[in-house]
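Asker: build the 3D model from these lines:
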Amino acid sequence: MRRRVAPLLAAIAIASCFGLPHPAVAVPEPPPLTVNVADTDTLGRVLTDPQGHTLYRYDLERAGTVGCTGTCADTHKPLLNPPGAELRLPPGIAGTLGTVTRPDGAHQVTYDGSPLYRSTADLGPGDTNGADLHWHVINPRNAPVPAGTTG
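Answerer: Now for the predicted structure:
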């Protein structure tokens, strides 16, 4: 390995002396965000899935448990974490992502212990039609102002 690095370093040094371009060094892309943040027309800044669909928590669940199964999960789709995928919040968002195991063995994403769901009542990104007596959007603490807006 050492024999291969020395010629590369020498080539970079020579290129620098003569003002030649440096060889490109690939910087690894960070893993995708697990959740994102968006502003809604009715309920403020909320957590969303990567496609911009509002995420909800269910009041009848306790931290670390899943209560929305069967027909409930037909209308409130759990946000699942693919095996081996890193959990990532947007920069500046307070809180903790985790997972809880669903009865079918899938790993559902949690925010501060609450399992996260999308509502089939929401037709597109930014909709909040799934909010009701027991289902609530998640308004993250310390959410930064999205780029291109004023706060």
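
Asker: quick check: which ranges of this structure have low pLDDT?
Answerer: 1-23, 143-151 (pLDDT under 70).

Asker: what element comes up after the helix or strand containing R118 heading to the C-terminus?
Answerer: When elements are assigned from DSSP states H and E, R118 belongs to strand 117-119. Reading on from strand 117-119 to the C-terminus, the next helix or strand found by DSSP H and E is strand 135-137.

Asker: in its sheet, what does that next one sit against?
Answerer: Strand pairing for strand 135-137, determined by DSSP bridges: strand 56-58 (antiparallel).

Asker: need the CA coordinates for whatever helix or strand comes next after the strand it pairs with. CSV is fine.
Answerer: Heading C-terminal from strand 56-58, the first helix or strand you meet, by DSSP H and E, is helix 71-75. This file holds the C-alpha atoms of helix 71-75, laid out as CSV (Å, rounded to 0.1, in the frame of the first residue of the first chain):
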residue,chain,number,x,y,z
THR,A,71,-57.1,-2.1,10.1
CYS,A,72,-55.5,0.8,12.0
ALA,A,73,-52.3,0.2,10.0
ASP,A,74,-54.3,0.2,6.8
THR,A,75,-55.1,3.9,7.3
